[in-house]
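S.K.: Have a look; sequence and predicted model below, questions after that.
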Amino acid sequence: MLYRVEGIVIRSMDYGESNKIVTLLTNSSGKAGVLVKGAKKVKSRFGSLAQPFTYGEFVFFRGPNGGLGSLNAGEIYESYHTLRENLDQAAYASYVAELTDRALQEDEAGGFLFEQLKACLNGYVLGKDPQIVTHLYEMRILEAAGYAPGLDACVNCGNPEGPFRISAHMGGALCIRCSAGDPGAIRLSDPAYKLLRLFRRMDLRRLGSIEVKPETKAELKLAMRKLMDEQLGLKLKSQSFLDQLDKLT
């Protein structure tokens, strides 16, 4: 069967002497693995389509039983080459790409998430705060995987009155009384908690200019890391590299 999809390359790996296998996040077919023959050759007409983060149209054939597709044609809409050339941007883009690939099964990756990933990459290119953009996308990943945190009321007793603490183990907010049952629950400042609730609801395509104080960003990073580690439990190479970059800044 012939597929014609919009897709973003979230993983690219060598296959044999001259080929590459790419994993796409598509707008209509979830995740898809596609063989790009001759992609490593200097004069390959498909070489650019196999580059990480490339957004474009991909036409590929895949058998009736699914599995790996084979690229027939394609067109680049946005190469996102600056994301491969700038170290900081490359680190964040690599993280969200690996996160998407590792966190989601094919049927969990719908068209909305495709649009969110595209908005995330656009945000990096436009110079928006990469940490904030990334946290927003992490929320979309948690949502797509079925682990979105409950933040409007206590996830244990339903009490809507704060203040709350964030429990990664319980998957959301705990009121003061219930938080006694989770020593690992963290207390956030009011600005950090309000932003976390905003992240839970916000479409990345609507993100404008935003400035967040360093101390608030530190709180958000701690909360999101705990939620991601507890709910998804992934060890990502790109995350380790991001952490190393943070230590240098």
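M.R.: The structure has been received and is ready for your questions.

S.K.: quick one: secondary structure of the residue positioned nearest the centre of the chain?
M.R.: Nearest to the mean C-alpha position of the chain, by C-alpha atoms, centre = their mean, lies residue 96 at 3.6 Å. Taking DSSP: H, G, I helix; E, B strand; the rest coil as the rule, one finds residue 96 in the helix state.

S.K.: So residue 134 lies in a helix, does it not?
M.R.: Yes: according to three-state DSSP, the state of residue 134 is that of a helix.

S.K.: pretty sure the residue nearest to the centre of the chain contacts residue 119?
M.R.: No: here residue 96 does not reach residue 119: they are 10.9 Å apart, not a contact under C-beta atoms under 8 Å. From N, CA and C alone the C-beta is placed, and that goes for glycine too.

S.K.: if I look at these two, which residues touch both of them?
M.R.: Residues touching both residue 96 and residue 119 (C-beta atoms under 8 Å, 6 or more residues apart in numbering): none.

S.K.: what about the closest residue to residue 245 other than its chain neighbours, which helix or strand?
M.R.: Closest residue to residue 245 apart from its sequence neighbours, by C-beta to C-beta, 6 or more residues apart in numbering: residue 91 at 5.5 Å. If you go by DSSP states H and E, residue 91 is part of helix 87-103.

S.K.: what packs against whichever helix or strand comes after that helix?
M.R.: Downstream of helix 87-103, the first helix or strand assigned by DSSP H and E is helix 111-125. Packing contacts for helix 111-125, counted by 3 or more C-beta pairs under 8 Å, 6 or more residues apart in numbering; DSSP states H and E, involve strand 2-15, strand 19-26, helix 82-85, helix 87-103, helix 130-144.

S.K.: returning to what we had before: isn't the residue nearest to residue 245 right next to residue 242, touching?
M.R.: Yes: between residue 91 and residue 242 a contact is recorded at 5.2 Å, counting by C-beta under 8 Å.

S.K.: Kindly report the domain assignment for the protein.
M.R.: Domain ranges of the chain: 2-78, 87-153+159-248, per automatic domain parsing.

S.K.: First-to-last residue distance for the longest one?
M.R.: Using C-alpha to C-alpha, to the nearest Å, the gap from the first to the last residue of domain 87-153+159-248 comes to 13 Å.

S.K.: Low-confidence ranges, the chain, go.
M.R.: Within the chain, the segments meeting pLDDT under 70 span 107, 249.

S.K.: Can you tell me the SS state at the residue sitting furthest away from the middle of the chain?
M.R.: Distance from the C-alpha centroid of the chain peaks at residue 177, with 33.7 Å (C-alpha atoms, centre = their mean). Following three-state DSSP, we place residue 177 in the helix state.

S.K.: quick one: it and residue 161 touch, right?
M.R.: No: taking contacts as C-beta under 8 Å, residue 177 lies outside contact range of residue 161: 10.4 Å.

S.K.: wouldn't residue 212 be in contact with residue 128 here?
M.R.: No: applying C-beta under 8 Å, one finds residue 212 not in contact with residue 128, separated by 11.2 Å.

S.K.: picking up where we left off before, tell me what the helix holding residue 91 is packed against?
M.R.: Using 3+ C-beta pairs under 8 Å, 6+ apart, helix 87-103 sits against strand 2-15, helix 82-85, helix 111-125, helix 130-144, helix 237-248.

S.K.: Do I have it right that residue 161 meets residue 176?
M.R.: No: when contacts are counted by C-beta under 8 Å, residue 161 is not listed as touching residue 176 (9.3 Å).

S.K.: more crowded one of these two?
M.R.: For residue 161 versus residue 176, neighbours defined as other C-beta atoms under 10 Å are more numerous around residue 176 (15 against 9).
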